[in-house]
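Visitor: Fold the following.
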Amino acid sequence: MRAAVFSKAKRLTLTVAAALLIALTAGACGTGGGDGGTAAFKAPSSEDFSKLSWTEAFDAMHDKMSREYAFTQWRGIDWDALYGEYQPLVARAEEAGSLEDYYIALRKYTCTLHDGHVRVDGDDQDLMDRLYGGGFGMTVETLDGGRTIANWVKEGGPAASAGVQAGAEIVAWDGQPIADALAETDTFMSLYPPATDEMLGCMQRFFLTRAPAGASVTLSCVNPGEAAAAEATLTAAADGMETLEHTYSLVGFPPEENAGGVTRMVTTRTLPGGYGYIKIEGEYDLPAGNQGDRTPTLELYREAVTGFAESGAPGLVVDVRSNDGGSDEMVADMMSCLYSESSFYEYQNWYNAESGSLEIILVDEKNGRFEDPGTGISITPASPAFEGPVIALVNPACISSGEGVAMCVGRLPRGEVVGFRGTNGSFGMVYGPLIKMPGGYSITYPTGQSLDEGKSVQLESRGGEGGVSPSMRVPLDAANAIRAGNGEDVELEYALELLRDMANEP
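Guide: Below you'll find the predicted structure:
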């Protein structure tokens, strides 16, 4: 099982993965020796460094992560250089007594790993409001071909009042060419560290248009139908993070009003032409405490696929946009309804705290024990199965096991992956450990890798690339960017048209 990663605006709940983390910290472990290993398997433990000084806690955290992090070699992490850059920042924060500077140092430290599973959690809403609580009444998007435009402009907002129109090409931002301004935009407050260049670009565009309320920016833009660029000065206004809502369809982070709004892990509907649509929120059951349908997620999914198969749906859309992951075994079980032949899914390569090395071993998701060394997870066909064309809808907020669904759909003989952009590229395993730090903050990171049948790391990002790329990419032209900024589901429309072609309809 892969721990679900929760965005702050989406849902903050205890998952089965978190429950297993508790089991592991209580000492549950298997006795297998891994892929050829001889030492008993011992999962890394959680640690509480919250009573230490900030610098002591940072040193202890760094030492632990540098030993246990699953992708040091894969990503070429230079831990000594990382320590040399960020330890002085923590020390200065401690000397100044600045909890804010200490927290920012932790956030930037974790962002350098480019891994969506490396997280610093804690109450940072006041900091977010102070640094980014103001908006300019616009969002920007970089199109295929490289132009950056204002793809949404709020009527009566700062941008509109200064003469900026939807579709305007942004040429410069505060005296810098737009490309340079975007490249220098800090993304350390992203909901999770950008793992790919695509996600990094999304976060740079989002934070470019956020600022402290009252801050001003001067931009140069060319409005539609005009030949010359004009300058406009905008002043950020407090807007309740309104631009997040108009970024959702292109990036995947949900608006604040959706907080806690998931009441059913799988939803369905019939699209025009009788095509089936299945939305999967995550590969885990609705957590305890959430109000909603308590039917197990796998059961809901199987009912949906069976229903569309029996109704003769000519094609199926499996929507894993903003899917926050969960159980690898559940992914394999879900895919059994779509596969006609057995197919390998993954080996799990975990850090063994006893041997100090990574070893292939499975975890029992019911009790959190590591066992069955050398065993992998495979997809076993089940009946009834859906035999028509299938499309997986993805976005950069599709992370972890959600990416596994997209990977498996893309491997189907009649499967395609559709989206403006690919998935997150964070496919490691996180059962813990969780490190408690001073200030009420906690840090998690992956201690396991997903390996393909050839025992190579799969989907995990490296050098800005990773995840599942669309096999059929939705064109990101000005018209589509503006429509998406206004909340239209361009990707689903594109997927439906593709399904019609795949089903040989006129």
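Visitor: Now do Gly252, the pLDDT please.
Guide: Per-residue pLDDT puts Gly252 at 68.
Visitor: can you check Leu14 too?
Guide: Model confidence at Leu14, given as pLDDT, is 31.
Visitor: What of Tyr431?
Guide: Reported pLDDT for Tyr431: 77.
Visitor: Okay, it and Ala43: tell me how far apart.
Guide: Tyr431 sits at a distance of 7 Å from Ala43 (criterion: CB to CB, to the nearest Å). To be clear about C-beta, it is placed using only N, CA and C from the backbone, and glycine gets the same treatment.
Visitor: okay, the two: which has more neighbours?
Guide: Neighbours were counted for Tyr431 and for Ala43 using other CB atoms under 10 Å; Ala43 has more, 30 against 27.
Visitor: all strands for the stretch 301-450 of the chain, in order.
Guide: 316-319, 343-352, 357-360, 362-363, 370-371, 376-379, 390-393, 415-419, 434-437, 441-444, 448-451 (DSSP state E, counting those that start in this stretch).
Visitor: Any stretches of the stretch 251-400 of the chain with poor pLDDT?
Guide: 252-260 (pLDDT under 70).
Visitor: And the helices in it?
Guide: 297-311, 328-335 (DSSP state H, counting those that start in this stretch).
Visitor: So what touches the shortest one?
Guide: Helix 328-335 has contacts (CB atoms under 8 Å, 6 or more residues apart in numbering) with 1-2, 280, 283-284, 297-298, 301-302, 343, 345-346, 348, 365, 377-380, 401, 404-405, 408-409, 429, 450.
Visitor: What helices and strands are in contact with the helix or strand where Ala93 lies?
Guide: Taking DSSP states H and E as the definition, Ala93 sits inside helix 79-96. With contacts taken as 3 or more CB pairs under 8 Å, 6 or more residues apart in numbering; DSSP states H and E, helix 79-96 sits against helix 54-68, helix 99-111.
Visitor: got JSON lines for those helices, with mean neighbour count too?
Guide: JSON lines is the format used below for the helices and strands packed on helix 79-96 (neighbours: other CB atoms under 10 Å):
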{"stretch": "helix 54-68", "mean neighbour count": "19"}
{"stretch": "helix 99-111", "mean neighbour count": "21"}
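Visitor: For the helices of the stretch 251-400 of the chain, state which one has the densest average packing.
Guide: helix 328-335 (a mean of 24; mean count of other CB atoms under 10 Å).
Visitor: what distance separates it from the middle of the whole chain?
Guide: On the basis of CA atoms, centre = their mean, to the nearest Å, helix 328-335 sits 19 Å off its chain's mean C-alpha point.
Visitor: do the same with stretch 428-440
Guide: Taking mean C-alpha positions (CA atoms, centre = their mean), stretch 428-440 and its chain are 18 Å apart.
Visitor: Could you list the alpha-carbon positions for that stretch in CSV?
Guide: Output in CSV follows, covering the C-alpha atoms of stretch 428-440 (Å, rounded to 0.1, in the frame of the first residue of the first chain):
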residue,chain,number,x,y,z
GLY,A,428,7.3,5.6,-4.0
MET,A,429,5.9,3.8,-1.0
VAL,A,430,5.2,5.7,2.3
TYR,A,431,4.2,3.8,5.4
GLY,A,432,6.3,6.1,7.4
PRO,A,433,8.4,6.9,9.1
LEU,A,434,7.0,10.1,10.4
ILE,A,435,9.3,12.5,12.1
LYS,A,436,7.9,14.9,14.7
MET,A,437,9.7,18.2,14.7
PRO,A,438,9.7,21.3,16.9
GLY,A,439,6.9,23.8,16.3
GLY,A,440,4.2,21.1,15.8
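Visitor: buried sites along that stretch?
Guide: Within stretch 428-440, the residues scored as buried using 16 or more other CB atoms under 10 Å are 428-439.
Visitor: With stretch 137-151 instead?
Guide: In stretch 137-151, counting by 16+ other CB under 10 Å, buried: 137-143, 147-151.
Visitor: Now intersect these with the strands, please.
Guide: With DSSP state E as the criterion, strands contain 138-142, 148-151 from among these.
Visitor: Most widely separated two among the residues you listed?
Guide: Taking CB to CB, the two most distant members of these are Met138 and Thr142; they sit 14.1 Å apart.
Visitor: The helices of the stretch 251-400 of the chain: which one's closest to Ile361?
Guide: helix 328-335 (13.2 Å).
Visitor: could you turn the closest one into PDB, dropping everything but the C-alphas?
Guide: Coordinates of the C-alpha atoms in helix 328-335 are reproduced here as PDB (Å, rounded to 0.1, in the frame of the first residue of the first chain):
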ATOM      1  CA  ASP A 328      -1.200  -0.900  -4.700                       C
ATOM      2  CA  GLU A 329      -3.100  -4.200  -4.200                       C
ATOM      3  CA  MET A 330      -6.300  -2.300  -4.700                       C
ATOM      4  CA  VAL A 331      -5.000  -1.000  -8.000                       C
ATOM      5  CA  ALA A 332      -4.200  -4.500  -9.200                       C
ATOM      6  CA  ASP A 333      -7.700  -5.700  -8.100                       C
ATOM      7  CA  MET A 334      -9.300  -2.800  -9.900                       C
ATOM      8  CA  MET A 335      -7.400  -3.500 -13.100                       C
END
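Visitor: Specify the angle between it and helix 297-311 in degrees.
Guide: Inter-element angle recorded for helix 328-335 and helix 297-311: 10 degrees (by axes from the mean of the first three to the mean of the last three CA atoms, to 10 degrees).
Visitor: Where does pLDDT dip in the stretch 401-506 of the chain?
Guide: In the stretch 401-506 of the chain (pLDDT under 70), the answer is 432, 505-506.
Visitor: Serialize the strands of the stretch 301-450 of the chain to a markdown table and add fields for distance to Ala227.
Guide: Formatted as a markdown table, those follow (distance: least, CB to CB, whole Å):
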| stretch | distance to Ala227 |
| --- | --- |
| strand 316-319 | 42 |
| strand 343-352 | 55 |
| strand 357-360 | 59 |
| strand 362-363 | 62 |
| strand 370-371 | 65 |
| strand 376-379 | 56 |
| strand 390-393 | 38 |
| strand 415-419 | 34 |
| strand 434-437 | 55 |
| strand 441-444 | 52 |
| strand 448-451 | 52 |
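Visitor: Most tightly packed of those?
Guide: Using mean count of other CB under 10 Å, strand 390-393 ranks as the most buried of those, with a mean of 29.
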